[in-house]
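Asker: here is a sequence with its predicted model. Questions after.
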Amino acid sequence: MRAAENTAAADIQNSAAAVGNIKEMKKNKKKKKNKTDLKFLQFLLPGALGVAVFILIPFIDSFRRSFCTNITQEFSGADNYKEIFGNEAFRLAIKNTLRFTGVCLPLLIGISFIIAYMLSGLKRIQLIRSILLFPMAIPTATMVLIWKILFSDHGYINGILDSHGADTIGFLDDKAFWVLVGSYIWKNLGYTVLLWLTGIMSISSALCEAAKTDGAGEVKCLFYIIMPNLKPTLYTITIISFLNSFKVFREAYLLAGSYPHESIYLLQHLFNNWFVNMDLGKMAAASVCVFSVIFIAVSLLKAVWDKEEN
Amino acid sequence: MKKISVRRLAAKAEKLPIYIIFAVLCFAVIYPVLLMVQLSLQDRIELSKTFSPINSLTGFSKPDQIPLFPTLKNYRTLMFYTPEFYTVFWNSLKNVTVILACQLLVAAPSAWAFARYRFKGHKQLFNVYVIFMLMPFQVTMLSQYLLLDTLKLMDTSMALILPAVFSTFPVFIMYRSFTGIPEEVLNSARIDGAGEWQIFFRIGIPMGSPGILAAMTLGFLDLWNMVEQPLAFIKDKKLFPLSIFLPMLGNGSEGMVLAASAVTLMPAAFVFIIGQDKLEAGIIASAIKE
């Protein structure tokens, strides 16, 4: 307290002295401003240096590399890009990855919305939320054996199908794609539901009540009040689910190795295999492509949403 | 009185189908985990019902849903006859702990700088952080490799630790909770003569602790499940983390692998249960659009 009083007194004295000389005061002010401007550096510098050294500069370097030959590092123009787009594995991987995201995202977003909407009408949902969220904590490796028990040709599910007289399904071969989709949804359902729930809860329930007293039904309320208000939530859910869709590589790899059934040969597999063969030029070009696509997709989503907001 | 309670009962009964749907859904979600845990308590003879059809390709796997003679034999085998499991478990634990501790040291001040100071290029720099947070590992895989190779760090645990320490994700989560602190609190501390670091430690850390803990919880769960990085940067099996070692463990001894899976799951489940509210807060914070 006393210290504060002292500094306040000193301040008053200082300013009194400064009144006499406006120029001096301006100078002081400028100095002070500069000082506060640089205070952030002591906090930011260690982290920012690390980010620059470990992420930013290496990435710029691999951008440069994408225009160079693999070994001699001479400038080769767009050769690497031409090569990867002519590469059959690359096209297959792109096709599969796009197909996977195209199937997974709408499915996950739709299912989780239905679940969240149903949950929003219930009380005491903590336990249900926890159970739905739990798979996200489960390390992929611990489930590999269980997926094998469930989905092998002679596995548990095929056993059940067989005992009901149905044909068995090649879950780990031609239907591997759907197992991957399933495990993606299993893993990501919980937090998507959580995000939808947060969105739904943030819409004032008074709004819906008012509409209902005006004679709107449950369905009308859902379509005309709740859904339009959830666009921001949809935006964030789309981005997060999209980014997490890259992590299914963990399941795909641990279950089926570097060369899985061709329907689930993803970009991530290709990167890994190029890496093993040290095809650095191709990798550089491909990572620049993936970076650009994600960057553009996210920016577009953001732009659409910003426009929506105004 | 009676009428109301009847009506309430009717309202509850109306919701019964929904509760049943959720009971089924929750069971389906949790079933694989229950299956793993209870199978790990079965002995070899009982487990053969599960595994011999898969291995011999005749008939169908038919796991007992409840162990008839629950036993800890598999865990004993794991403890006493698989010393490599200890090494690998320790690798995972060490990597994750070191990464999280360093993230705390590096990311918390960075997040503080972004949240509490305005400077030239603030917005642009923060956008760079967000963009790299959004990129999947494969995009930065090559550049990280080139760097690690120059630094002669390939095939060491530093190859996993160093890039992860400077992940921008924790910065983003912590930033969220730091921006929530009212400026007046900081200003009154400044008037009382507190230095910038004092403000950070005495006010920033305690008031931003929900965000910090959320970042740590999310970080733990992701790092404990690290697959891509060790796959690319580690060749020496002694340095493998659990997340890629587990599927290669024990030929023919499925019981032990199940026990190892259950043990691997434990820390993650523990963190999940302890940090669940932090986790939920973290997920919600990560979703708020910048």
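Answerer: Alright, I've got the coordinates.
Asker: and the chain, what are its domains?
Answerer: You didn't pick a chain, so chain A it is. A:2-65, A:87-309 (automatic domain parsing).
Asker: correction: the question concerned chain B.
Answerer: If you go by automatic domain parsing, chain B breaks into B:2-76, B:81-287.
Asker: let's have those domains in TSV, adding mean pLDDT.
Answerer: Below are the domains of chain B laid out as TSV (pLDDT from 0 to 100):
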stretch	mean pLDDT
domain B:2-76	86
domain B:81-287	90
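Asker: please enumerate the strands of the stretch 101-250 of chain A.
Answerer: Read by DSSP state E, counting those that start in this stretch, the stretch 101-250 of chain A holds no strands at all.
Asker: hang on, I meant chain B
Answerer: Taking DSSP state E as the test, none of chain B falls into strands.
Asker: stretch A:49-59: which residues count as buried?
Answerer: A:50-51, A:54-56, A:58-59 (16 or more other C-beta atoms under 10 Å in any protein chain shown). All C-beta spots, glycine's among them, are computed from the backbone N, C-alpha and C.
Asker: list the contacts for the closest residue in space to residue A:155 that isn't next to it in sequence?
Answerer: Excluding its sequence neighbours, the residue lying closest to residue A:155 (C-beta to C-beta, 6 or more residues apart in numbering or on different chains) is residue B:61, at 5.0 Å. Residues in contact with residue B:61 (C-beta atoms under 8 Å, 6 or more residues apart in numbering or on different chains) are A:149, A:152, A:154-156, A:159, B:49-51, B:53-54.
Asker: and chain B, which of the buried residues of stretch A:49-59 contact it?
Answerer: Under the cut-off given by C-beta under 8 Å from any C-beta of the partner chain, chain B has A:50-51, A:54-56, A:58-59 from the buried residues of stretch A:49-59 close to it.
Asker: what's the spacing between the residue in the stretch 101-250 of chain A positioned nearest to chain B and residue A:150?
Answerer: Nearest to chain B in the stretch 101-250 of chain A, going by C-beta to the nearest C-beta, is residue A:159, at a distance of 2.9 Å. Noted for residue A:159: a distance of 10 Å to residue A:150, by C-beta to C-beta, to the nearest Å.
Asker: what's the answer for residue A:195, then?
Answerer: Distance from residue A:195 to residue A:150, by C-beta to C-beta: 28 Å.
Asker: what ranges do the helices span in the stretch 101-250 of chain A?
Answerer: A:126-133, A:140-151, A:156-163, A:176-202, A:205-213, A:218-221, A:227-229, A:231-245, A:249-256 (DSSP state H, counting those that start in this stretch).
Asker: closest one to residue B:272 among those helices?
Answerer: Across the helices of the stretch 101-250 of chain A, residue B:272 has its closest neighbour in helix A:126-133 (7.9 Å, C-beta to C-beta).
Asker: which intervals of the stretch 101-250 of chain A have sub-threshold pLDDT?
Answerer: Across the stretch 101-250 of chain A, nothing is flagged by pLDDT under 70.
Asker: please name the nearest non-neighbouring residue to the residue of the stretch 101-250 of chain A closest to chain B.
Answerer: residue B:60 (2.9 Å).
Asker: surely the one you found meets residue A:157?
Answerer: No - using C-beta atoms under 8 Å, residue B:60 is not in contact with residue A:157; the gap is 9.0 Å.
Asker: neighbour count for the two, which is higher?
Answerer: residue B:60 (19 against 16; other C-beta atoms under 10 Å in any protein chain shown).
Asker: take stretch B:122-141, keep the C-alpha atoms, and write them as CSV.
Answerer: Backbone C-alpha positions of stretch B:122-141 (Å, rounded to 0.1, in the frame of the first residue of the first chain) are rendered in CSV as follows:
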residue,chain,number,x,y,z
HIS,B,122,0.8,-10.0,-33.5
LYS,B,123,-2.1,-11.1,-35.7
GLN,B,124,0.1,-12.5,-38.5
LEU,B,125,2.3,-14.4,-36.1
PHE,B,126,-0.6,-15.9,-34.3
ASN,B,127,-2.1,-17.0,-37.6
VAL,B,128,1.1,-18.8,-38.4
TYR,B,129,0.8,-20.6,-35.1
VAL,B,130,-2.8,-21.6,-35.9
ILE,B,131,-2.0,-22.8,-39.4
PHE,B,132,0.8,-25.1,-38.2
MET,B,133,-1.4,-26.3,-35.5
LEU,B,134,-3.9,-27.4,-38.1
MET,B,135,-1.4,-29.2,-40.3
PRO,B,136,-1.3,-33.0,-40.0
PHE,B,137,2.1,-34.6,-39.2
GLN,B,138,2.7,-35.7,-42.8
VAL,B,139,3.0,-32.1,-44.0
THR,B,140,5.9,-31.3,-41.6
MET,B,141,7.4,-34.8,-41.6
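Asker: buried sites along that stretch?
Answerer: B:125-126, B:128-130, B:132-141.
Asker: for the residue most central in space within chain B, give me its contacts.
Answerer: Nearest to the geometric centre of chain B sits residue B:221, at 0.4 Å (C-alpha atoms, centre = their mean). For residue B:221, the contacting residues are A:136-137, B:268, B:271-272, B:279, by C-beta under 8 Å, 6+ apart.
Asker: and stretch B:224-239, what's buried?
Answerer: B:224-234, B:239.
Asker: ok, and which of those reach chain A?
Answerer: B:224-225, B:227-228, B:231-232.
Asker: of these, which pair is most distant in space?
Answerer: Checking those with C-beta to C-beta, the most distant pair is B:224 and B:232, at 18.0 Å.
Asker: gap between the residue nearest to residue A:244 when sequence neighbours are not counted and residue A:127?
Answerer: Closest residue to residue A:244 apart from its sequence neighbours, by C-beta to C-beta, 6+ apart: residue A:188 at 5.6 Å. Remark: distance between residue A:188 and residue A:127 (C-beta to C-beta) = 20 Å.
Asker: repeat that for residue B:149.
Answerer: Distance from residue B:149 to residue A:127, by C-beta to C-beta: 49 Å.
Asker: tell me how far the residue of the stretch 101-250 of chain A closest to chain B lies from residue B:194.
Answerer: 68 Å.
Asker: again with residue B:7
Answerer: In terms of C-beta to C-beta, residue B:7 sits 59 Å off from residue B:194.
Asker: and residue B:108, what does it touch?
Answerer: Contacts of residue B:108 by C-beta under 8 Å, 6+ apart are B:174, B:204-205, B:208, B:212.
Asker: ok, now with 7 Å
Answerer: Shown in contact with residue B:108 (C-beta atoms under 7 Å, 6 or more residues apart in numbering or on different chains): B:174, B:212.
Asker: what of residue B:242?
Answerer: A:141, B:88-89, B:92, B:264.
Asker: narrow those to just the buried residues.
Answerer: For the contacts of residue B:242, buried by 16+ other C-beta under 10 Å: A:141, B:88-89, B:92, B:264.
Asker: dump those to TSV, plus distance to residue A:65.
Answerer: Output for the buried ones among the contacts of residue B:242, formatted as TSV (distance: C-beta to C-beta, whole Å):
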residue	distance to residue A:65
A:141	33
B:88	34
B:89	38
B:92	32
B:264	37
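Asker: from those, pick the one nearest residue A:78.
Answerer: Minimum distance to residue A:78 across the buried ones among the contacts of residue B:242 is 39.9 Å, recorded for residue A:141 (C-beta to C-beta).
Asker: how about the nearest residue to residue B:162, chain neighbours excluded?
Answerer: residue A:54 (6.4 Å).
Asker: surely the one you found forms part of a strand?
Answerer: No - applying DSSP: H, G, I helix; E, B strand; the rest coil, one finds residue A:54 to be helix, outside a strand.
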